[in-house]
Structure formats: C-alpha cells, structure tokens
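[1] would you be able to build a 3D model of this:
(one chain, ligands or ions: 1)
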Amino acid sequence: MMSNAVTWKRDLDVLVVTIDNPPVNALSPGVLEGIVEGVEAGVADEEVRAVVVIGAGKTFIAGADIREFPKIMAGERPMLSLNPLLERIENAAKPVVMALHGTALGGGLETAMAGHYRVAASSTQLGQPEVKLGLIPGAGGTQRLPRLVGVERALELCVFGNPVTAKEAVDWGLVDALVDGDLLAGAVAYARTLQAPRRTRDLTIESAPEEAIEMIREEARRRMRGQAAPLSALEVVCAADIFDFDEGLAFEARIFESLLKGPQAKAMIHVFFGEREVVKLPFVPKETRPREIRRAAIVGAGTMGRGIALCFANAGVPVQITDAAPAALGAALDWVKHHYEHAVKHKRLPAEEAARRAGRITGARALTEFGEADLIIEAVSEDPEVKRGVFAEMDRVARPGCLLASNTSTLDIDALAGATGRPGDVLGLHFFSPASVMRLLEVVRGAETSPEVIATAMELARRLRKVAVVAGNKFGFIGNRMFAPYREAAIRCVQEGALPWVVDQAIENYGLAMGPLAVGDLAGLDIGRAIRKEAGMPETVEDALCETGRLGQKNGRGWYHWEGNRRSADPGVEQVVRAWSEKQGIAQRTFTAREIVDRCLGALRAEGRKVLEEGVALRAVDIDIVYVHGYGYPAWRGGPMFDG
Ligand code: 3HC
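    Residues are numbered from 1 along each chain as shown. Next comes the predicted model:
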C-alpha cells in the first residue's frame, strides 16, 4: 500500500524521500512501504547516485505507530512486519542517507540504522525507548545497534530506554556526521561524497565484558523491578553476539511478539496514552491562551517550598522564596546551595549549569517583594487559618493576573480563594515530595478558578517536566483521598494478624515502590493520627504505636526500626500490635500475600470509584496517572483503575 505520507523528489543526482505523517512521523500502516518505494525509485533511476530520507515537520520518525498496538493485541491487525521492508532499504544498491532531527526513536532509529549512513542535526535525540512501553525493539534494533555501537552501549540504550544526544551518537559511531544549519542541504551534500552502500548487518560486533553485562543486568533488576522487557532486551541484544543476523532478528521477533501480547505492554501503553489524555480538559475552551509565567515566588521555605523552588530553577524560571522565620529561609538557601554542589560532585550537572540554576533562587525578606511575580505558591504549614492569612497577604501584594496557588495536600481551595478578592486566579498546585523528583502535580480546580488559570498551570507543568492531573476541590483531592482507605486497609490486616513487614512486602512484591505502612513512617505516624482524629475516625493500632513514642522515620521508630533510610522489623512493634488486638478482642488469622494485596488495593479502587462518581477525577485514567507518577504504583500494572 502506497502512503501519501511519503513523497520523493530529485535534487540533481540525489533523490530526497520525505516522510510527512504528523504529528511525529510514526510508522503508521503504509509509511515504511512508502519509504521503501521511494528508495527503490532512487535505485532504479540512472541519474540518481544516492538517496536521502528525511522527516517533514519537527522530527524524523518517532517510532512505530503505538496506536496500532492495541489493535494487534486485540487480534484486529496482524503482527508488525517491518523487517522485510527494512531489509529492502538495507539491500539498496545505492547509498541511503538517513537525515535525522527531533527524535529518532524506536522504529525510527531502527529505520535509520537500516539506512547506510546517518547524519543528524545536533539537537537530535536517538533512542530505543520500547522498554518504557513494556516492549523490546522489534524491527532489528537489538541486532543492528550492537553492530554500530558495540554490545555494551546497545544494552544501555535498549535495556533502560533513555535516549542519547546526536553528539554522543557521533562519538559512538551511530551517527556519521552532524549538520549545522539546513539539515536537508547538509544531508544531500554528504550523500554526494559517498561511493557505496554500507550495510549495518555486515559490520562486526564489539563484544562486552561479562562483568559489564552483569552490572547492567543487576541495575535493571533493581531500577526496573518487576518488569519483563528490560531483561528480555538484555538477552536479545547479547544474542546479537552469538547468533548470525537473521537468527538474531527471528529471536527478537519472537520475544517482541510475546511481550506485545502480554499484560505489561498493555498496561504501559495505557499509561503512555493516559499521560497524553490527562492534559485534555473539556472545560477549557480550545482558544484559551495560557498566561505567561516568567517569575515565580514561594511562601514557606520548608521541605516543600525548597523542593518546589528547585523545580522552577531547573526549568529556567527565576524564583523568590520567603519564610516568616528568617532562620528557616537561611537554612533553605544553604540547602539549595548544598543540593547543587552535590549534583556537581556526583557529575549529575556541569558546574556552570548548577551555578546558573542556583542563581535563579533568591531569598526575599517578606511577601511585599513578590510584586513582580506571575505566580505565587503558598507552601506553609497545613493549618487552614495560617494559610488563609497568607492568601490574604498574597492578594495584597500580587500584581493583577498573578496566579495564587496553594500547595495544600488536603485543604479547601475555595476557603483560601475566599480570603482573596480574586478567586478566579486561585488554584491548588499540589507537588509531591521530594518535589523536584516526583513527576506528579495535582492541579486543584476551585469553584471559581478560571479555565485560563488551569490552562496556565497545565502549560507550566509541561515546562517543569511534570505530569499534571486536574483534581476537583474535595478533601484529599485524588491521591491522598484514595490513599487514606488504602492505608487503613493495610492497618486492618495488621490488626487481624498480619505482621506489618509482611503486609508491606506483599504490596511491594506486587510492584509498588513502597508498602503503605513504611510510607506512613515516612510521613510520620502522628500525621495519620491527627487526620483520623480530625475526621472522627475510630482509633487504630497505629494510635497505640504513637502512644509508645513511635512517630516514624523521623525518630527512628515507627512501624519499623529505622537507621537513616534503612528499615528493619521491630519485635517491639509486634508486641504492641498483638497486645492491642487482644485487648480489642480481634480474632487473629493468617493472610496470604494475595489476600493482603486484594484487600489493600480493593480499598484503593473502591475509593477511586467514588472519586470518579463525585467528579473529583475527570476520568479513570487520571487516577491511574496520579498513582503511577505520585505514589509509586508500577506503570507495568497500568494503575489502580486499569483492569487489563
Ligand atoms: N505512535 C503514535 N502516536 C504517537 C507516537 C507514536 N510512536 N509518539 C507520539 N505520538 C502522538 C502522541 O500520542 C500525541 O498524540 P495526541 O496529540 O493525539 O495526544 C502526539 O503524538 C504528540 O506527542 P507528545 O504529546 O508526546 O509530543 P512531545 O513533542 O511532547 O513528544 C515524542 C514527542 C518525544 C516523540 C513523544 O511523543 C514520545 O516519546 N513518543 C513515543 C516514542 C516511542 O516510544 N517510540 C517507540 C515506539 S515502539 C516502536 O517503535 C516499536 C518498534 O521497535 C517496532
């Protein structure tokens, strides 16, 4: 099938094949066929000496068309078969130059590697991100990449899924030349210098030492716990060094197909589309223009305030920070300095970049210095009266059009808006701790928050590299509201006989980053207690733990014994728990891991359904994204509301 997404045209002795399949030139049905037809037209034309393949718009091919995958899984479409087409490109009798810009990812990089030479704009990103969809490269990437860059680097790209820059790609031999300025002109000029094709499949492989492979395997096990694709990618890339090319391709195809038909890919593809769905807001008219955020300001220099300041500084937005206590402000500024020094020391940032970022964070003596800010975020203690006072002051100092946001995790945004004369500009921006690490941002929409303000928050989140999910203004919003009954379910399991570490282990084995009781220790058991009291909820064994002075990680004792970040089982806890249950007359029983998971996640889902019914979340997938990006829920399980 010929696709009108691909066209070709002669530039004297070079044929230029252009892919134009917006938005990202994905390999939708017919696109690769079109490229092959173009390449073969070039070969057949006696006046053509070489072919250049280039993407129209903002990018080269960003991958296979992911929208096709669910159809393949459902049996509505046959399995992808890109390899025979790529082989025709590779076998072309004249040099084929792939001209890359934007993102050459997945099937895009695989197409590029089936060409004979690659040139790239210096801003290009290249990668095999399939593991992020629960897959491995399925169009020869596991076999061609090690032939171009060696087994070890191919493993890094295919196992972890992170892209490399064009500059690195040149050093590695994946890209032959960088083009400054006009990519097409550069690619055509490069093509004219070539004498003959160079097939990637014929290159010899640089093997990797066994220890290097083992280290990558260990890192994948640790960082990508529970996921099948990374370890499969490792095996298949390593096979390139053992099998011949065609055997390697066949092995890759078998594993790709089994992963594509398995549950993890289904869940991760759901998350991929979910991340793009959550930003679509039916109540924001299409023509809405977000306001510009050039400067931000933060009230409160505690853990959250500092962390939020880093988010802005890292994204290039100058940010002021103030605190009622001058000592707290001083400590925050020291902490920022230390944070960036640490990043330089551990080679996470070059020194100049760290200095630029640190320079964007400045201390202010008082809110009165925030008159230039386009956004002020309140991050003071979770006390409604204190917060209302801060909002009234924000209203007094802020310029017209400035967004006034609260970082509250539970409180009523409308009550805060009521303390100002501009409720349309007030919203919740609930960052998660540590704010510069966690990707989730709950954007809380008050009764009067204007669509323009919400649109501004969504655009800001994109700049901050956050995943923003809009939540309705009800106690706990989406995430914390659901977390409470989930944690209570875990506590009930303990009360009925399961030891705390057994409960957490069951949840962690299911795939969550941390069990709910350990999370309680991180937050502080006194916090959970205060919430239960406030809500008039019955006492639990957690209250009994608090009474024995166990407050969580902060004093080294909670559900666990803590040494820094290391937790261990505490026999004292077992005693308190047993005594409490006996006093309450609660019959003790044993639990299977399955029962624990069903009870805890069942409670989470049940609350999720209420959150949906009440319109606090717009769609079920919004809840999934909140949990994947804010609560350590494994993407490969799709999120609490995803039913596979
Ligand atoms: N297939 C289908 N649609 C895709 C797509 C793909 N590979 N990549 C992006 N899109 C769509 C998005 O769903 C979105 O659609 P929408 O506007 O209707 O919501 C639109 O393109 C724009 O995407 P983003 O909002 O993500 O745009 P950005 O500019 O922020 O990012 C990107 C662009 C870096 C290309 C990012 O979209 C991305 O990472 N895409 C996925 C890349 C990927 O995983 N490729 C591998 C696919 S699997 C594969 O190739 C298998 C092979 O080995 C056989």
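
[2] and for Ala617, the neighbour number?
    The number of residues packed near Ala617 is 27, by other CB atoms under 10 Å. (Each C-beta comes from the backbone N, C-alpha and C, glycine too.)

[3] pretty sure it contacts Ile478?
    Yes: contact criterion CB atoms under 8 Å: Ala617 and Ile478 qualify, at 5.0 Å.

[4] need the overlap of contacts for these two.
    Val469, Ala471, Val611, Ile623, Val626 (CB atoms under 8 Å, 6 or more residues apart in numbering).

[5] and the furthest pair within the residues you listed?
    Of all pairs drawn from those, the one with the longest distance (CB to CB) is Val469 and Val611, at 11.5 Å.

[6] now for the two: what residues contact both?
    Taking CB under 8 Å, 6+ apart as the contact criterion, the common neighbours of Val469 and Val611 are Ile478, Ala617.

[7] who's more crowded, the two?
    Shown here are Val469 and Val611; by other CB under 10 Å, Val469 has more neighbours (31 against 25).

[8] any idea how far Gly630 is from that one?
    8 Å (CB to CB, to the nearest Å).

[9] any residues in contact with both of the two?
    Joint contacts of Val469 and Gly630 (CB under 8 Å, 6+ apart) are Leu440, Glu442.

[10] near the ligand, which residues of the stretch 151-300 of the chain are found?
    Residues of the stretch 151-300 of the chain found near the ligand (CB under 6 Å from any ligand atom) are Arg276.

[11] one more: the chain?
    That would be 23-24, 26, 62-67, 80, 103, 105-107, 110, 129-130, 133, 137-139, 141, 276, which are the residues of the chain within reach of the ligand (CB under 6 Å from any ligand atom).

[12] filter these down to the buried ones.
    Burial of the residues of the chain next to the ligand was assessed by neighbour count (16 or more other CB atoms under 10 Å); the buried members are 24, 26, 62-66, 80, 103, 105-107, 110, 129-130, 133, 137-139, 141.

[13] what about those residues, which are in helices?
    The helices, defined by DSSP state H, take in Gly107, Glu110, Gly141 from these.

[14] tabulate these (a markdown table), appending pLDDT.
    Formatted as a markdown table, these follow (pLDDT from 0 to 100):
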| residue | pLDDT |
| --- | --- |
| Gly107 | 98 |
| Glu110 | 98 |
| Gly141 | 98 |
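
[15] and those as TSV, adding distance to Gly300?
    Shown next, in TSV, are these (distance: CB to CB, whole Å):
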residue	distance to Gly300
Gly107	47
Glu110	49
Gly141	47
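
[16] tell me which of the residues you listed is nearest to the ligand?
    The closest of those to the ligand turns out to be Gly107 (CB to the nearest ligand atom; 3.4 Å).

[17] settle this for me: that closest one is touching Gly63, isn't it.
    Yes: contact criterion CB under 8 Å: Gly107 and Gly63 qualify, at 4.9 Å.

[18] for the residue in the stretch 251-400 of the chain that the ligand sits nearest to, phi and psi?
    At 3.8 Å from the ligand, Arg276 is the closest residue in the stretch 251-400 of the chain, using CB to the nearest ligand atom. Main-chain torsions, Arg276, degrees, to the nearest 10: phi -90, psi -20.

[19] in the stretch 451-600 of the chain, which residue sits nearest the ligand?
    For the stretch 451-600 of the chain, the residue closest to the ligand is Arg462, as judged by CB to the nearest ligand atom, at 7.9 Å.

[20] what residues are up against that residue?
    Applying CB under 8 Å, 6+ apart to Arg462 gives the contacts Val279, Ala468.

[21] after the strand or helix carrying it, which helix or strand is next?
    Secondary structure from DSSP states H and E places Arg462 in helix 451-463. Per DSSP H and E, the first helix or strand lying C-terminal to helix 451-463 is strand 467-472.

[22] which ones among the residues of the chain next to the ligand map onto strands?
    With DSSP state E as the criterion, strands contain Thr103, Leu105 from among these.

[23] and Ala579, how far from Asp334?
    44 Å.

[24] same check, this time on Leu145
    45 Å.

[25] then Asp624?
    Using CB to CB, we find Asp624 at a distance of 39 Å from Asp334.

[26] out of those two, which sits in the more crowded spot?
    Asp624 (28 against 10).

[27] count of neighbours near the nearest residue to that one once chain neighbours are set aside?
    Counting by CB to CB, 6 or more residues apart in numbering, the nearest residue to Asp624 once its immediate chain neighbours are dropped is Gly639, at 2.4 Å. Number of residues near Gly639 (other CB under 10 Å) recorded here: 25.

[28] quick one, phi/psi of Gly639?
    phi 110, psi 160.

[29] so what's it up against?
    Applying CB under 8 Å, 6+ apart, we find Gly639 in contact with Ala267, His270, Val271, Gly274, Val621, Ile623, Asp624, Ile625, Tyr627, Val628, Tyr633.

[30] tally of neighbours for Phe273?
    The number of residues packed near Phe273 is 13, by other CB under 10 Å.

[31] is it within a helix or a strand, and which one?
    Using DSSP H and E, Phe273 sits within helix 263-277.

[32] next helix or strand past that helix?
    Helix 263-277 is succeeded, C-terminally, by strand 296-299 (DSSP H and E).

[33] break this structure into its domains for me.
    6-261, 296-476, 480-615 (automatic domain parsing).

[34] for the last one, measure first residue to last.
    In domain 480-615, first residue to last residue: 16 Å (CA to CA, to the nearest Å).

[35] please apply the same query to the longest one.
    Domain 6-261 has an end-to-end distance of 30 Å (CA to CA).

[36] circling back to that earlier point, identify the contacts common to Gly107 and Gly63.
    Joint contacts of Gly107 and Gly63 (CB under 8 Å, 6+ apart) are Ala26, Leu27.
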